[in-house]
Every structure is written in C-alpha cells, then in structure tokens.
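Engineer: following is a predicted model, sequence given first.
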Amino acid sequence: MRSRGLAVAIWLAGITLCVFQIGETRFVADFSAFLPAAPTPEQQLLADQLRAGALSRVMLIGIDGADASARAGVSRALAGVLRADPKFVTVNNGANGRFERERELLMNYRYVLSPAVSPDRFTVKGLRAAIGETLELLASPAGLLVKSLVTRDPTGEMLAVIDRIRPAEGPRLTDGVWVAPDGKRALLVARTRANGSDTDAQALAVAAVEDAFRKATATEGAAAASARLAMTGPGVFSVRARAMVEHDVTRLTALSAALVIVLLLVVYRSPLALALGFVPVVSGALAGIAAVSLGFGVVHGITLGFGTTLIGEAIDYSIYLFVQVERGNKDSDESWIGHFWPTIRLGVLTSIAGFSALLFSGLPGLAQLGLYSIVGLAVAATVTRFVLPALLPERLRIRDLSGLGLRIVAIARRGARLRTGVLVLSLASAAVLWTHRNGLWDPELSSLNPITIEDRVLDGELRAALGASDARTMIAMHGATADEALAAAERVGQHLDALIVAGKLGGYESPAQFLPAGATQRARLDSLPDPQTLRTRLHAALEGMPLRAERLEPFVEDVSRARSQGLVTRGQVAESALGIALDGLLFVDSSGRWTAMIGLRAPAGASASIDAQAVRGAVAAATVPGALLLDLKAEVDRLYAGYFHRALLMSAIGFAVIVLLLFAVLREPARVARVMAPFVAGVIFVAGWHVLGGTRLTIFHLVGLLLVAAVGSNYSLFFDRIATRSNANIGATVASLALANVTTVVAFGTLALSSIPVLKAIGSTVALGTFATLVFAAMLAKLGTVTLTAAGGNGTIRRRDDAT
Amino acid sequence: MMLRDWLFIVLCWSAQASSAADFDVDKLMDLLRGQRPEKATFHETKHIAILERPVESSGELDFTRPDRLEKRTFGLNAERMVVDGEVLTIERGGRKQTLGLREHPQIAVLIESIRGTLAGDRTALEKTYTMTLEGDMQSWRLMFRPKDAALATLVSRIRIGGTQAQVRRVEIDEADGDRSVMLVTPATP
C-alpha cells in the first residue's frame, strides 16, 4: 500500500509541474510550423521569409460596395487612421507618393543617395548637361515641382533620389486612390510591424483595420454606409486559421468529451467510475502539452486539437481496467495487472512506435503531434497501471458488461463465416489503391491550408489587382555586417542591370537602391568638388545658358555641407520611406547573419518570365559567395514533396518497428501475422475508401493511418490474448474492446466534422479505420474454438481445451 | 397708351435685355462642348525669375473628349505630356514619369483650367476655380482663380482667351511673379 501512496504522490507532483509549465506556454496557430526545420539554405531562407519576411507582413485590403467616390473617401480616411497607428510600418493606397515626411532627409543626403553622383557629374561638361536638363524640366508642367529647388539642386539629385524610391507602376488610380482593374474596389496595402507568424500581434492589427474601417465609414457619412471591408494576407490568414482552430478545437473537444461522457455514464452507471476513467486521459493530455511546451517552446493549436484524439485512445486503458476486472474480488486488481497489463503495455509500445514516425518527420508541427501523443499515451497508460488502482474505492460498482460481450462474440462467430470477406475487401481496397497509385497523394501544400476557398479567391484577386505577385523570385546575399550585405547586393545589381538592358529581366528591387553601401557613399562624396572649384566650374558650365552662376550659391553651400556631414546610416533612415523600403530587404536572418534580398520582376508582357539561367549567370559573375536564387513557389513545392517523402519513409520505419516489436514479444510468425492482419486490413480499407470517394491523401491522412495501426494493434492483441491464454474473461474483454472502439469512433468522428483539413483527415480516417479493424479482428479471431461455459452470472467463456 | 403698345414695348425691351446678356458662361460652355475636337499648334513663352531670359517652346495640342489632353513639345526641349483622367504622364529623354493629379494639386491646378475649358465642363472647372467671363462670343476671356488657399499662394490667376469655340491664348500668372503665355493656333485641316 505504501508503494501505491508513493505512486499517487509522484502523480500529483507531476500533474502540478505540468500545470505550471502549461501556464507558461505560448500557443500559436501559424501553419509555417508545418514547414521543415531547416534542411537546405534555400529552405531555411524560405521558412524565414514565410515566418518573418516582408511578404509575411503584407496585409491586402479591399473596399467594396458603395460608390466610387465613397470608396475613395473611405480609402483615404482608413489610410489616415492606420498611418497614425504604430502597428503598421506602411499603409499605401496610391495617394501617398509625395514623400512629404522625408523630403528634408532626402534633401540633406541627396549627394550620397543619388545614383547619378559621380566624378563626371561635377566636371564642367557634366554640370552643364545636368543643369541643362533641369532647366528644360523647369519649362514643363512638372517644372512647378522643381522650381523652388533649382537654386539648391540644379543638377536634379533630389528627383533622382525620389525616382529610386518611388514604387514601380502601381494599380489604376480613380479619385486619387488605387482601384481594381474594373474600378469597383478600392485597394490598400499595409505592412505590419509584427511578423506574419506573430499571430497575437496580427490579430491586433486585423482588429485595428476593422476598427479604422468603421471610423472611416462613419466619417464618410451615408454614402459610405454600404461599403464593405475585405482583407487577406499571411497574417490575416493566420489570424483566421487560429480562430478556426480555436473554434473547432473548443467546440469539437467539448462535443466529443460530452458524447464520451454520456456514453460511459450509460455504460458504467457510476459517475465516480466515469470521473476516475478520465484521470489517465487528463493526466496524459497535461503531460503531453507540457512536454511539447518544454521541447518546442510553443504549442500549436493543432496539437491541442489532437487532444481530443487522445480521449479516444487513452480512455481505452481505463475502460479495459474497469470492465475487465472482476469487481468485488479483492485480488482482481492485482490479477488484472498480471493478466492484462502486458497486453496493454505492448499496445502502448506499438502506438509509440507508430507515433515516433511523426516525431522524426522533420516538421515541427508533426513532431509536436508525435511528442504529444507519445508522452500522452505513455503517461495515460502508466497512470492507469500505477495510480488508478490506488484511487479505486473498495467496491466500485459498475455494470457487468460480460453479457453484452458474449452477444458480440456470438455475432462475431456468425460473422467469422465471412472471414474470406475480409480478405476480399482488403484485396479490393488494395486494388483501388493500386489503380490510383499515381494520384494517390495530394502534392499541393495548399491542401493543408485551412483557409476557405472564398478567402483564397479574394487573395488572388487582390494580389492580381495590386501586382503583388511579382515578388516570388529573389536573390539573397549575406554579410557579417549590414554594409557587407549591401555591398554584395550592389555587386549583384550591377550585373542585373545588363540583363534588364537585354530584356531578360523587367527590373529589380535592391536594398542598395535605398541605402547605398558605405564605400559607394564615400565614393560619391569624394566626387564632390570644394566650393571654390565648384564655383569656377559653374561659371564655365553656364556659359550661354539663361541661368547665372551667382544664383546657384545655395547649391555651392549644400555641396559643401554634404562633404562635411558624411554618410547616411541605417539608423538615420529607419523611420523614413527609405527605411520602409529597406524593411524586408535587409535584415538579420535566423542564423544571425545580415541578409540582403533582391526581388526580381519579370519583363513586361503577359507571357514573359524571368530568365532564371541568365540570372544565375549574373549572380555567378558578381562573385558574391553564398548568393542564392530563390523561387518561392518552386521552393515551396519542392519542400512539400521533400517532407512528404520523408514522412512516408518515417511511417514505413514506424510500421517496421511495430512489426519488430510484435515479433519480439509474440515470437511466432504465424501469431504476428494473425495480430497484424486486422489492422493492416483496416488501414488498406480506409485508404481505399478515401481514394474511392475522390479524396487525395495528404500527410494528415498518413497520420490517421498510423493511428489506425496503433489503436488497431491493441484490439488485435486482446483477441490474440483470448485465443492464447486461459482464464480469459472473454465476455468482459470483448465488451471492453467494443466500448473502447465506440469511444474512439465518437471522439474521432466528431473531429471529422471539423472544417480544418488536418482534423477532418485524421478524424475520418481513424473513426472508420479503427471500427473496421475491430470488426476484422473479431471476424478473424478464432472465437469459434471457444465455448460458453455457464460459469455464473458473468458469462465467462472458457476455452474448450481449458475445460478439459 | 394702349395696353397693347405698352405690352409691345415691354416685350421689345426684355428681348433686347436678353440679347445683351446673351453671352454667359453656360453659353460659352455649350459652344465649347459643341466643338469637334481638333488638333492645334502652340507656342509658349515662360518667364522665370531665376532665368535671364524667357524659355520658349512650341509643339502640338491634342484634346480628346471627355478628358484626355496631349501636349507634344518639339525641338531641343522635346517632351510628351498626356493627361488622361487623373493620371499625368510626362515622357522626356526616354524617361516616363507618371503622376496622379490628385497627389499633385499644384500641377492639376495648371492643367484643369485648360482641359475643363476645352471640354466645356463648367462643373469640373468650378470645383477648382472661381470663374469670371469677359467679352463676347467673338472675343471672350475666362479668368480663373484657385479656390484652394494653398494653391492660390502658387498660382494667382489663369486667363484663357478665345474666339467662338476656339481657345487661342492661355496665360498663367504664378504668385512669385513667374508667368507663361501660350498662344494656340488651330491646325488647318
């Protein structure tokens, strides 16, 4: 009894620690968790981009409804509110191309920022050409814009700088704001300060947009009353996905728990037994979450969703204990432990073997599911074995289910005549799988995405309208410092310029265009003459021109000041349009290196695409070590294919481990085959069922199939026990299996109701698969060789050979 | 006096009165709207304070209803400027620059007067300017002043003169004393 007290004490301490750990846990829901940890540099870069890159922080906003001028008004008001909100780095609606805020900064540093500044520019000839051009501009309608600057900036460096940072041609303008090509939707692009994967911050940003939209429509009055807000983007999607996950997890967990509770209450007729039955489940779930929290730092919402599945399997252990133990018999606890525990232990081990496949899948998301399941099941089983018996009162009265079990046995015996049917069904399912072998697995990563079709369509429309789809091809360069990375980007940029001229590239966006490397800035400063030299040259340059050199004294002063004030730094531009443009193009990556990203644009023309070979050549010619060309779409596809194969391989290994484990314990090949036949048939059957129903299998169906094997092996092992052991209480055993399966079907069946692909796939697969496995196991079990003996009211079946 | 005579005099007088007030902004706008758009050539002289002598340029104007105006400047200072709806495109020296008029009201204020006049669009004109009309159909002059106070500190007035449905002269006086005069000649078909 002392050891039991000790077990309870350890359990209580463990649960307390788990609860404490869970209290410290951060829960996330972004689906980049289902991307691999970091196999190749390209994929690391991709994962970084998806988690924290500029792309991940883009929010696309559309305003529908009302009329064009109301939409434009709302767009302006919305942009105004959001620009004042520190949650957003930029908000662009087409009406902010004037760079008012940074005019002064750009003006001050124009001689280090302007790409036109070179020693030639400040010779007599260069000055004459540059000033001549400015005077021509002065005569044009745009002259009004530059007139006030002419005496300070006669060479037009300010315009050259603004030209650089002005975004490439944007969407159509109507009433001064961006609109969709059909003009029926106003468009805005916002970039959040927080990473796209920081779902909490993204949720705040989404709420801020919704709130600002309400304010904007209110200020625009009745005309704007029918305006509607549409939002997409990675952050928006992760917020919606989390809401869906939370909604489904809460709702479905409650539903499946309620169903299982009602079911068990009806069966046990004892609230105490019910409560005790959940002790292993809750312990396992808490330990599982705590383990994931410790191992991964964060817990994914999907992992929590998986919690319901644990109800399905872990509740089985207490069901086996309660139903199989002959209550009222003082020694029966001990006898249950002696008789049944080895079988359950083997079942737990096979389940763990199956889930190990997930643990080593290389995907943080799936690894979380694996760790959660392994720890959860191990703890649930251990608690059932060591703690639950200690908590049971002396006389726990639950309904005797042996009678029910015997009726099931009778049905199974009749069904056993259809034993060949199992083989036929398995072969037919295998044939279905074989004929569909080419389209069996879904190669699209998007099949895992919980985003609704409507949202995906909307996102596609907004992206197309904003021309935001261009940023899929990038070149990444690294450096120990920001300046090194910028210098590398400059070198690559010089080689890309040649490709633009050759028409092989439409253009590019490089951080060095916004913040030149230190050496480049230094060279520009060095090309500025001293005041006296400049005055002399101006006199010569303006010979015969309608502008007198004396008028340009402010210019001489500015040049002189530029020479003395030195270089512009990252810190100085941080809050300006330059800093905004740099955001996402120059950053410290997850390995601590500075990374510069150059985004490439395809040449004009609908069918034109980037000549990847030529770009690769240019990158090579720039001799920047470690520069990578990254095609986001292609890389994502490659990534999914890669991890899918790995998951398949891991599943195969998990399966092999299950087989080895069964061999090690059961030892006879025939017996192993008998144990495996039902769940192998179950797995093949449910896979065939899905394929026949037109579903292409995803990695989550694979997880479901592993669960079928893991849970199904428990059933097989019990039937094997009945077939090979004496003193088996067949009625109670079969009844407990039936009850365990019903709870599993109920728990996973509810998951199948989810709108989240992950939960739906696993739920439907496991519910159907385990039920099929139990039926197959009952049919294939040699129940025909056992007979009923009238051994009292509990309807014990004893094997015939046992009676002799 | 017979009542009938008195009536006659009243009728004559009122007819005459209406004849004197016959030419007003609406009439001019109707006239301009009825004009079939045609090509014209222009010669422009800009007086800019910091420059020693005026800048001269010439080229072609091309208006297409309802709101597209193209101005092609030839010679040394070659340039093509198109204002279409709200978008202004300036091409010069192989470079193309696109500006939104709404973002650059200081440019829009220069362009809207001539475009609105060519279009005969009183509503559009009165959005931006207060307008007064002088003269008669043979020789009229519209004077525009920006309504917006900030714009009025840049552009003090714009005067557009013409005869019948043809614009002949555009004068822009900027607040700092710089001014430009553009003479327009309808191209002979």
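Structural biologist: Good, I have the coordinates. Residues are numbered from 1 along each chain as shown, chains lettered A, B, ... in the order given.
Engineer: now the residue of chain A found nearest chain B. Nearest residue, chain neighbours left out?
Structural biologist: Distances between chain A and chain B by Cβ to the nearest Cβ are smallest at A:Gly176, namely 3.0 Å. In short, each C-beta sits where N, CA and C put it, glycine included. Sequence neighbours aside, B:Arg102 is the residue nearest to A:Gly176 in space, at 3.0 Å (criterion: Cβ to Cβ, 6 or more residues apart in numbering or on different chains).
Engineer: again, but for A:Pro234
Structural biologist: With Cβ to Cβ, 6+ apart as the criterion, A:Pro234 has its nearest non-adjacent residue at 4.0 Å, and that residue is A:Gly196.
Engineer: got the residues of chain B near chain A?
Structural biologist: Residues of chain B lying close to chain A by Cβ under 8 Å from any Cβ of the partner chain are B:44, B:46, B:48, B:50-53, B:55, B:57, B:71, B:73, B:76-77, B:79, B:81, B:85-88, B:90, B:92-93, B:97-104, B:106-107, B:110-111, B:154, B:174, B:178.
Engineer: which of those residues are buried, as a PyMOL select command?
Structural biologist: Restricted to buried positions by 16 or more other Cβ atoms under 10 Å in any protein chain shown, the PyMOL selection for those reads:
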select buried, chain B and resi 44+46+48+50+51+55+57+71+73+77+79+81+86+88+90+92+99+100+101+102+103+104+106+107+110+111+154+174+178
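Engineer: narrow the residues of chain B next to chain A to those in strands?
Structural biologist: The strands, defined by DSSP state E, take in B:44, B:46, B:55, B:57, B:71, B:73, B:79, B:81, B:87-88, B:90, B:92, B:97-100, B:174 from those.
Engineer: residue contacts, the residue of chain B found nearest chain A?
Structural biologist: Residue nearest to chain A within chain B: B:Arg102 (3.0 Å; Cβ to the nearest Cβ). Going by Cβ atoms under 8 Å, 6 or more residues apart in numbering or on different chains, B:Arg102 touches A:95, A:173, A:175-176, B:86, B:108.
Engineer: residue boundaries of the helices in chain B?
Structural biologist: B:3-20, B:25-34, B:105-119, B:122-128, B:149-152 (DSSP state H).
Engineer: buried set for the shortest one?
Structural biologist: Within helix B:149-152, the residues that count as buried by 16+ other Cβ under 10 Å are B:Leu151.
Engineer: and stretch A:47-67, by the same measure?
Structural biologist: In stretch A:47-67, counting by 16+ other Cβ under 10 Å, buried: A:47-63, A:65-66.
Engineer: repeat that for stretch A:488-500.
Structural biologist: For stretch A:488-500, a neighbour-count test (16+ other Cβ under 10 Å) marks A:488-493, A:495-496, A:499 as buried.
Engineer: which SSE is A:Leu274 in?
Structural biologist: Assigned by DSSP states H and E, A:Leu274 falls within helix A:271-296.
Engineer: list the helices and strands that helix packs on?
Structural biologist: Packing partners of helix A:271-296 (3 or more Cβ pairs under 8 Å, 6 or more residues apart in numbering or on different chains; DSSP states H and E): helix A:2-23, helix A:234-268, strand A:298-300, helix A:301-305, helix A:307-324, helix A:364-382, helix A:388-391.
Engineer: just give me how far that helix sits from the chain centre.
Structural biologist: Helix A:271-296 sits 26 Å away from the centroid of its parent chain (Cα atoms, centre = their mean, to the nearest Å).
Engineer: and it, which residues are buried?
Structural biologist: A:273-274, A:276-293, A:296.
Engineer: what's the closest non-adjacent residue to A:Glu461?
Structural biologist: A:Ala180 (7.2 Å).
Engineer: okay, now the one you found: neighbour count?
Structural biologist: Neighbourhood size, A:Ala180 [other Cβ atoms under 10 Å in any protein chain shown]: 19.
Engineer: need the contact list for it.
Structural biologist: Contacts of A:Ala180 by Cβ under 8 Å, 6+ apart are A:62, A:171-172, A:187, A:461, A:465.
Engineer: out of those residues, list just those in strands.
Structural biologist: A:62, A:172, A:187.
Engineer: spatially central residue in chain B, please.
Structural biologist: B:Ile114 (3.0 Å; Cα atoms, centre = their mean).
Engineer: that residue and B:Arg168 touch, don't they?
Structural biologist: No. B:Ile114 is beyond contact range of B:Arg168, at 11.8 Å (criterion: Cβ atoms under 8 Å).
Engineer: low-confidence regions, chain B specifically.
Structural biologist: B:1-22, B:37, B:188-189 (pLDDT under 70).
Engineer: distance to A:Phe27 for the contacts of B:Arg102 - can I get that in JSON lines?
Structural biologist: Shown next, in JSON lines, are those (distance: Cβ to Cβ, whole Å):
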{"residue": "A:Ala95", "distance to A:Phe27": "39"}
{"residue": "A:Leu173", "distance to A:Phe27": "43"}
{"residue": "A:Asp175", "distance to A:Phe27": "43"}
{"residue": "A:Gly176", "distance to A:Phe27": "43"}
{"residue": "B:Glu86", "distance to A:Phe27": "48"}
{"residue": "B:Ala108", "distance to A:Phe27": "52"}
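Engineer: out of the residues you listed, who's nearest A:Gly132?
Structural biologist: B:Ala108 (27.5 Å; Cβ to Cβ).
Engineer: can you tell me how far that closest one sits from B:Gly116?
Structural biologist: 11 Å (Cβ to Cβ, to the nearest Å).
Engineer: need the residues touching each of the two.
Structural biologist: B:Thr128.
Engineer: give me the more crowded residue out of those two.
Structural biologist: B:Gly116 (25 against 21).
Engineer: list the contacts of the more buried one.
Structural biologist: So B:Gly116 contacts B:122, B:124-125, B:128 (Cβ under 8 Å, 6+ apart).
Engineer: residues from the stretch 451-600 of chain A in reach of chain B?
Structural biologist: A:546-548, A:551.
Engineer: quick one on the thing from earlier: which of the contacts of A:Ala180 ranks first by neighbour count?
Structural biologist: A:Leu187 (26 neighbours).
Engineer: which residues touch the closest residue to A:Arg4 other than its chain neighbours?
Structural biologist: Excluding the flanking residues, the one nearest A:Arg4 by Cβ to Cβ, 6+ apart is A:Ala390, at 3.8 Å. Residues in contact with A:Ala390 (Cβ under 8 Å, 6+ apart) are A:4-5, A:7-8.
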